[in-house]
Structure formats: structure tokens, C-alpha cells
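Colleague: what's the 3D shape of this:
(2 chains)
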Amino acid sequence: AQSVTQPDIHITVSEGASLELRCNYSYGATPYLFWYVQSPGQGLQLLLKYFSGDTLVQGIKGFEAEFKRSQSSFNLRKPSVHWSDAAEYFCAVGGYNTDKLIFGTGTRLQVFP
Amino acid sequence: EPEVTQTPSHQVTQMGQEVILRCVPISNHLYFYWYRQILGQKVEFLVSFYNNEISEKSEIFDDQFSVERPDGSNFTLKIRSTKLEDSAMYFCASSGGQGARTEAFFGQGTRLTVV
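Modeller: The predicted structure follows:
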């Protein structure tokens, strides 16, 4: 079955600390992988995406993610978190022959000063 | 920066009533989508729409649901007879190309509460 798992529902970090949000997927074909962020009252904003090639992808706002096929993972990282990064983060997977994105349940990030 | 706009931000309706959720996609986009998120659950794909036709739909998108692009700017989702389980946040999205390779831009959502 096609699915995305984000094991961490809620993460709290201190400002300036490093961050890693986990994402595991199950997908029958070559996956296209995405991370979206949703700030309160806002829509889902694309942070980064992976289709092929270099498995380490850079995104906006200083985020990066690494695709590991052997682990079926696409974890999101940031070396130093800012208070404005507090939001909900969604991992999603799609494929070549479909418009549909399959989302995880999201990880809510809280940042303490 | 162009954005997808959804109205209303929150709608309360009685069970059995019809609701129409409205979206204004980005002006030069041709592909349109609806997703929903029931509280505490995953964001789920409902339907994609292109050239005045449904391109793809999920099993959630049954006969109670319909989509329409009534004019050159709006994209609507209609639920004919709402049920309690239709309570969710509904997200509209649009993209300039077909398929998951093309970035979809999402609106801020409409929270539908069925009472």
C-alpha cells in the first residue's frame, strides 16, 4: 500500500538547535518526494522536492532533505532552527502517472527561545 | 506573489445541507486540485481537474461531491448533502502542469464544520 509515515507528532527544540524531522514512505513506483510547511492560518508551502539525481536536496528557508532508497526515508533537516520555523511540516509522496500526493499526518514543530 | 485564495475560511452547516467551497487558483494555472484533512488525520487527495474535466479522483470523492470551474477564475467544490464526517479542512491547490512533478500551490484552507 502507498503511505507516508511521520513518526513524530510533535517536536520541541530550542532556537539555534539542529532539527531532523523523519519521514518514511511506502510506494510501488519511483517516488517523487516532497516536504511542505504550514504556518498557522496559511496554506501548505513547498519547502523542497526530490525527483531524481542527487539524493541531498536543498530547499527554501535553509532546509535540506536526504533521500535514502534503502531505508525508504526522506528526512528533513536544518542545522539551526529559528523561532519563525515553528509550524506543521508534512511529508508527501507522488509518482509519475498520478496527480495525487499522499501525505503523512504531519509533525508539529515548536521552537523555544 | 501569486497565491491561491479560498473562501470562506470557516463554514458551519447543518447535516444534509449543500455547501459550496470556493477557490481562486493562480491565474495562469490550468490544473486544479482539492484535498481535505480531517482533524488529526492525514491530508487526503480528493480530485484533480483539467480542461473542464476530472483527471483523477479518490475513493472519497463519491457522488456527493462535484467540482466545477464556473468561470475563468473560480474553482468550486460542492458537497450535495453534508454528513458529520465531512467536517474537515478543505485545501484547494493549483499548478501550471500535470502530475506530481509540477509544484502545486495550496490555499490556506476552508474549515467545514457539519453540525
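
Colleague: so where do the strands sit in chain A?
Modeller: Here chain A has its strands, by DSSP state E, at A:3-5, A:10-14, A:19-21, A:24-26, A:32-38, A:44-50, A:56-58, A:64-68, A:73-78, A:87-94, A:102-103, A:107-112.

Colleague: leaving out chain neighbours, which residue sits closest to the residue of chain A found nearest chain B?
Modeller: Chain B sits closest to residue A:94 of chain A, with a gap of 2.7 Å, by C-beta to the nearest C-beta. The C-beta positions use only the backbone N, C-alpha and C, and glycine is treated the same way. Excluding the flanking residues, the one nearest residue A:94 by C-beta to C-beta, 6 or more residues apart in numbering or on different chains is residue B:100, at 2.7 Å.

Colleague: state the number of residues packed around that neighbour.
Modeller: Neighbourhood size, residue B:100 [other C-beta atoms under 10 Å in any protein chain shown]: 24.

Colleague: could you do residue A:16 as well?
Modeller: A total of 12 residues lie near residue A:16 under the criterion other C-beta under 10 Å.

Colleague: could the strands of chain A go into TSV alongside mean neighbour count and distance to residue B:82?
Modeller: Converted to TSV, these look like this (neighbours: other C-beta atoms under 10 Å in any protein chain shown; distance: least, C-beta to C-beta, whole Å):
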stretch	mean neighbour count	distance to residue B:82
strand A:3-5	17	28
strand A:10-14	13	31
strand A:19-21	18	34
strand A:24-26	17	32
strand A:32-38	23	24
strand A:44-50	20	24
strand A:56-58	14	40
strand A:64-68	18	38
strand A:73-78	20	36
strand A:87-94	24	26
strand A:102-103	24	23
strand A:107-112	16	28
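
Colleague: right, I'll leave it there.
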